[in-house]
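**Student:** sequence plus predicted model, see below.
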Number of protein chains: 2
Amino acid sequence: MNKVIIGVDLGGTNIKTAIVGEDKKIIAKSSQPTGEDTGPEAVMNLMAQCISDLIRDNGLEMSQVLAAGFGAPGPMNWQTGIVFSPPNLKGWKDVPLAEEMQKRLGIPCYVDNDANVACYGEYWLGAGQGADSIVVFTLGTGVGGGIVVFGKLLRGIDGTAAELGHLTVQRDGRLCGCGARGCLEAYASVTGMIRTAEEGWDKAETKLKQMCKGDPKALRGKLIYDAAVEGDAYALHVFHETAVWLGLGAASMINALNPERLIFCGGMSNAGDLLFSTVRETVMANAFEVPAKRCQILPAGLGNDSGVIGCAGCALDRYLRKDG
Amino acid sequence: MNKVIIGVDLGGTNIKTAIVGEDKKIIAKSSQPTGEDTGPEAVMNLMAQCISDLIRDNGLEMSQVLAAGFGAPGPMNWQTGIVFSPPNLKGWKDVPLAEEMQKRLGIPCYVDNDANVACYGEYWLGAGQGADSIVVFTLGTGVGGGIVVFGKLLRGIDGTAAELGHLTVQRDGRLCGCGARGCLEAYASVTGMIRTAEEGWDKAETKLKQMCKGDPKALRGKLIYDAAVEGDAYALHVFHETAVWLGLGAASMINALNPERLIFCGGMSNAGDLLFSTVRETVMANAFEVPAKRCQILPAGLGNDSGVIGCAGCALDRYLRKDG
C-alpha cells in the first residue's frame, strides 16, 4: 500500500490541506475557513477533520499516512512544536500543536514556521527544485523569508532564522511593526507599498483617488496593481519604489549567500514584470556581478500552494531524518 | 611520525606562515614581507621557501605535511585554486595558485578567500569554537565576511558568498568601492570611519586637527582611536557612528541567520567597548529579541592569526572531506 504525507497550512483565514505521495505527486487538496475566533481546541479539531475527510474522500486510510506537517504563523519552537502567540490566531498561547495533533491523528506530526515551509515547498517541488541553494521572500501583509543551503532549511540555533523582512535597508527609516526602523518589510510588504502610496497621496494625480473614492484608507495592494496595469503613472511609481526596496533586500542576500535562485512567493509575486524587471535591475546595480548574474530571480512555482506542499515536504524530510 | 598542516596567509604586505598539528595545536609561525611588486612567480617561490624554512627550523620534514592551505585576496575560484586579479597583488592575473604551489611542494594545496579563512580559523580554534553557527565580519580597509552553518563554510554556488561588507544599509547612501551605494563597507570599514570623520571636519572641535596638523588627509583609524581613548568628543562621535552602522549590518545578519556567535576580526576589533557596546545596543534595538539575546558578539579569539590558522584549518577540512 502506497504511503502518503499530509501537509496543513494553518493561516488566519484558511486551513489548507494536501496529500502528497512519496513520489512527490500531489494527490488531493482542500481549503476550509479557519474560524480563527473559535480558539485552538476547535481549530485543531477542525484540522483533524479536514485531514480525515481528505483521506477518506480519496480512497485512502490513515494507516497509509507516514507523517503530517503543519505550517503555522510564528513565533514558535519548531523542535517542540509549540506555537507561542501568533497575532493572527485569537486565543492561541503556547499551544503544543505537534503533540495535540499527534494525539488526534496517531501519526508523527511536525510544526514549522509558515515562511519556512513555503521556502521548503519551492525547494522540494517548485521553482527551487534541484537548486544548490535558494532564498525565498514571502510577500504579503509582512515580508517573510526562507533559506535552503547544503540541501537543508536554515532554521538557525533558535529556529528564528530567515526573518528577511527585517533586514535594515534604511538607517532611521520607516518604523516597522517589529519596533525597529528601516526594515525591508516597512517598504516592500503590501502594507509598505500602501504606505508609499499614502505618502505622496495629497499631491498625486492618479485614478487611485477615484477608485478609493478619495479615501487613501481604502487603498489595497490589488487596487494599486490594477491601476498600474492600466498605466496609471502614480501607481507605476509606487510599484517601482516597492520593487527597488525589494531589489535592495534581494541584492543583500545575494551578496551574503550567493544562492542559485531567489524566489518570491505570495500574492504580490503575481505582479510579473511590474515587479520583477525592477527587482532584477536593482540587483544588477547593487550586488556583485558574478552572484547577481548567477542568481535566477523567479516567482513561486507552486503559486499559492508553496506553503501547504512545503508542510508535507518538511514533514517527510524530518520523518526520514528523524531530526525532531 | 606526527602529521602537520601548513597555513599561509598571503596579504599585500606580509606572508604569514603557520604549522598546525593534527591535535589543532600551533607548532610554529613566521611572517615575511610579501614584496608584492615582484610578481606572482617570485611571491610563490618565496611562499615555498617560507614553508620549507619553517618546517626545517622546527625539526620536521615535508613528508609529515598532510596539506597546505593558502588564503588570498579575492576574487578567485576556490575550487580550482585560481586567483583572478587581486587589487593588492601587482601583476597577478588568473594565477593557478593551488596548482603552482602543489608543483613546488609536492603536497595537496588548497586556496580560499582571505575573509573565509579568517572565519574558518575563528570557528576552528578561535572565538567560534564549538558553536552551532557563526558570522564573521573582518574590519579593515574594507569589510569582509565569513559564514559557518551546519559545520561548514558557506561559500555559495560560485564561492562569492559572505560579502558582508556589501549589505545595503542605506538606499542611495555613500558610494562604495564596489560601485553600488549605501553598502555597509562605505560606513563601517576603517576607510568609511575616516570618511565619517572628514564629513564633519570643518565644523568639528577636535584634537584630531592638531594630530593631523590640520590636514584631514592625514586621518588614520589609529589616530581616531587614540583621540577617542583620550576622550575627544568628536572622535568618540565618529566611533559611535561607525559602530551603529556595524550594528545595523550585524542585526541584519542576526535576523537572517540566527547564528550562535558573531565575531569581529581585523585591527578595529581591538577597539573594545568603544566599538562593542554600541554594536550590541544597536543589535538589541534592531534585531528580534530571541536571536539578538542569543547571539554572542565577540572580538576575534585568535587576534591577527585568524587568517593563517584558518588557512591550515580549511586545508585540513578539505583534505579530509576530499571536497576539492
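**Tutor:** Cool, the structure landed.
**Student:** A:R220: neighbour count?
**Tutor:** 14 (other CB atoms under 10 Å in any protein chain shown). Backbone N, C-alpha and C define where each C-beta goes, glycine included.
**Student:** hmm, A:A197 and it touching each other?
**Tutor:** No: the pair formed by A:R220 and A:A197 falls short of the contact definition of CB atoms under 8 Å, at 9.9 Å.
**Student:** which secondary element of chain A has the worst mean pLDDT?
**Tutor:** Within chain A, no helix or strand scores below strand A:76-77, which has a mean of 92 by mean pLDDT, DSSP states H and E.
**Student:** partner strands of the helix or strand following that one and their direction?
**Tutor:** Using DSSP states H and E, the helix or strand that follows strand A:76-77 in sequence is strand A:82-83. Within its sheet, strand A:82-83 is paired with strand A:76-77 (antiparallel), strand A:95-96 (antiparallel), according to DSSP bridges.
**Student:** and the stretch 101-250 of chain A, which of its residues are near chain B?
**Tutor:** A:132-133, A:145, A:147, A:149-150, A:152, A:154-164, A:166-171, A:178, A:180-182, A:244-245, A:248-249 (CB under 8 Å from any CB of the partner chain).
**Student:** skipping adjacent residues, who's closest to A:G69 in space?
**Tutor:** A:A315 (2.8 Å; CB to CB, 6 or more residues apart in numbering or on different chains).
**Student:** contacting residues around the one you found?
**Tutor:** Residues counted as contacts of A:A315 (CB atoms under 8 Å, 6 or more residues apart in numbering or on different chains) are A:5-7, A:66-69, A:108-110.
**Student:** inside strands: which ones of those residues?
**Tutor:** Secondary structure from DSSP state E places A:5-7, A:66-69, A:109-110 of those in strands.
**Student:** so which of the residues of the stretch 101-250 of chain A next to chain B are in strands?
**Tutor:** A:145, A:147, A:149, A:152.
**Student:** thinking again about what came up before, report the two of the contacts of A:A315 separated the most.
**Tutor:** Farthest pair in those (CB to CB) is A:G7 and A:P108. Separation: 13.5 Å.
**Student:** what's around A:A218, how many residues?
**Tutor:** Residues near A:A218, counting by other CB under 10 Å, number 11.
**Student:** what of A:R56?
**Tutor:** Neighbour count for A:R56, taken as other CB under 10 Å: 11.
**Student:** ramachandran angles for it?
**Tutor:** phi -60, psi -50 (degrees, to the nearest 10).
**Student:** the helix ranked longest in chain A: which residues count as buried?
**Tutor:** As assigned by DSSP state H, the longest helix anywhere in chain A is helix A:233-257. Within helix A:233-257, the residues that count as buried by 16 or more other CB atoms under 10 Å in any protein chain shown are A:234-257.
**Student:** also stretch A:262-279?
**Tutor:** A:262-266, A:268-269, A:271, A:274-276, A:278-279.
**Student:** quick one on the thing from earlier: let's have the strands paired with strand A:82-83 in CSV, adding mean neighbour count and distance to A:C295.
**Tutor:** Output for the strands paired with strand A:82-83, formatted as CSV (neighbours: other CB atoms under 10 Å in any protein chain shown; distance: least, CB to CB, whole Å):
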stretch, mean neighbour count, distance to A:C295
strand A:76-77, 21, 29
strand A:95-96, 20, 38
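**Student:** from A:G121, how far out is the closest residue to A:P86 other than its chain neighbours?
**Tutor:** Nearest non-adjacent residue to A:P86, counting by CB to CB, 6+ apart: A:P73, 3.8 Å away. According to CB to CB, to the nearest Å, A:P73 and A:G121 sit 16 Å apart.
**Student:** settle it for me: which of those two has more neighbours?
**Tutor:** When neighbours are counted by other CB under 10 Å, A:P73 and A:G121 differ, and A:G121 comes out ahead with 33 against 21.
**Student:** mind listing what that one touches?
**Tutor:** Shown in contact with A:G121 (CB under 8 Å, 6+ apart): A:302, A:305-311, A:313.
**Student:** ok, 6 Å please
**Tutor:** Shown in contact with A:G121 (CB atoms under 6 Å, 6 or more residues apart in numbering or on different chains): A:302, A:306, A:309-310, A:313.
**Student:** pLDDT averaged over stretch A:102-109, what's the number?
**Tutor:** What stretch A:102-109 shows for mean pLDDT is 98.
**Student:** out of the strands paired with strand A:82-83, nearest to B:T34?
**Tutor:** Using CB to CB, the strands paired with strand A:82-83 put strand A:76-77 closest to B:T34, at 50.5 Å.
**Student:** what residues does the closest one touch?
**Tutor:** Here strand A:76-77 makes contact (CB under 6 Å, 6+ apart) with A:83-84.
**Student:** can you give me the helices in the stretch 1-150 of chain A?
**Tutor:** A:39-57, A:97-105, A:114-125 (DSSP state H, counting those that start in this stretch).
**Student:** quick check: buried residues in the second one?
**Tutor:** Buried positions in helix A:97-105, judged by neighbour count with 16+ other CB under 10 Å: A:97-98, A:100-102, A:104-105.
**Student:** want to throw the residues you listed into JSON lines with distance to B:I224?
**Tutor:** Listed next are the buried residues of helix A:97-105 as JSON lines, based on distance: CB to CB, whole Å:
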{"residue": "A:L97", "distance to B:I224": "53"}
{"residue": "A:A98", "distance to B:I224": "53"}
{"residue": "A:E100", "distance to B:I224": "58"}
{"residue": "A:M101", "distance to B:I224": "58"}
{"residue": "A:Q102", "distance to B:I224": "59"}
{"residue": "A:R104", "distance to B:I224": "63"}
{"residue": "A:L105", "distance to B:I224": "63"}
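**Student:** looking at chain A, which residue lies furthest from center?
**Tutor:** A:K203 (34.2 Å; CA atoms, centre = their mean).
**Student:** now do it, the pLDDT please.
**Tutor:** Model confidence at A:K203, given as pLDDT, is 94.
**Student:** same thing with the one 4 residues further on?
**Tutor:** Here, the pLDDT recorded for A:K207 equals 96.
**Student:** cool, A:L89 as well?
**Tutor:** As predicted, A:L89 sits at a pLDDT of 86.
**Student:** so what's A:L139 up against?
**Tutor:** A:L139 touches A:264, A:266, A:268-269, counting by CB under 6 Å, 6+ apart.
**Student:** all good on my end, thank you.
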